[in-house]
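Trainee: Could you work out the structure for the sequence below:
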Amino acid sequence: MPLNTHVLMIVMTTLAGGDLSAAFVGTETLPECRERLERVRLIINDGAAKGGPRIAGSGCFTSAERFSDFSHGQSNDEPIQHYRIVLSGENAAVIRHDGAEACRRAIAAAPAAGEQHCAQSRQTLRENAR
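Mentor: Residues are numbered from 1 along each chain as shown. Modelled structure (predicted):
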């Protein structure tokens with residue numbers, strides 16, 4: 001793994017209006033990430049069968065970005081962050097934007113190799129993570 005990177009679990013779910021929500025969890029190793037991701041998928045898929053959000057994409061990636069801890073009970077008072085998630089093979093980059101429209105413009109202006117998604121999250125990027 002390159003210097004200053006770690007394994008980042010990314011789980012994107014579809015919101016009612018069609019937008020994406022993302023959750024980020026840093027893990028020590030790829031096997032740990034995959035094991036935890038499988039448990040998360042089972043929980044989300046069970047909830048989706050009962051009308052909850054559906055998984056739009058998920059995986060374990062090498063990334064330099066680190067996030068505040070994920071919490072199921074995050075307050076709705078926490079500000080919504082908007083991120084462009086760039087997935088290229090086993091690597092992920094997550095870039096903060098000032099809003100959903102700014103994220104969509106960034107994707108249109110700079111097509112990248114791999115997949116790009118705009119998603120919102122209540123998690124924040126940790127400063128000086130790189």
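Trainee: for the residue nearest to Ala106 when sequence neighbours are not counted, what are its contacts?
Mentor: Excluding the flanking residues, the one nearest Ala106 by C-beta to C-beta, 6 or more residues apart in numbering is Arg84, at 5.5 Å. All C-beta spots, glycine's among them, are computed from the backbone N, C-alpha and C. Applying C-beta atoms under 8 Å, 6 or more residues apart in numbering, we find Arg84 in contact with Val94, Ile95, His97, Cys103, Ala106, Ile107, Gln116, His117, Cys118.
Trainee: And Gln116, by the same measure?
Mentor: Arg84, Ile85, Val86, Leu87, Ile107.
Trainee: could I get those residues as TSV with secondary structure and distance to Glu28?
Mentor: Formatted as TSV, the contacts of Gln116 follow (DSSP: H, G, I helix; E, B strand; the rest coil; distance: C-beta to C-beta, whole Å):
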residue	secondary structure	distance to Glu28
Arg84	strand	26
Ile85	strand	21
Val86	strand	23
Leu87	strand	21
Ile107	helix	31
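Trainee: Good, wrapping up.
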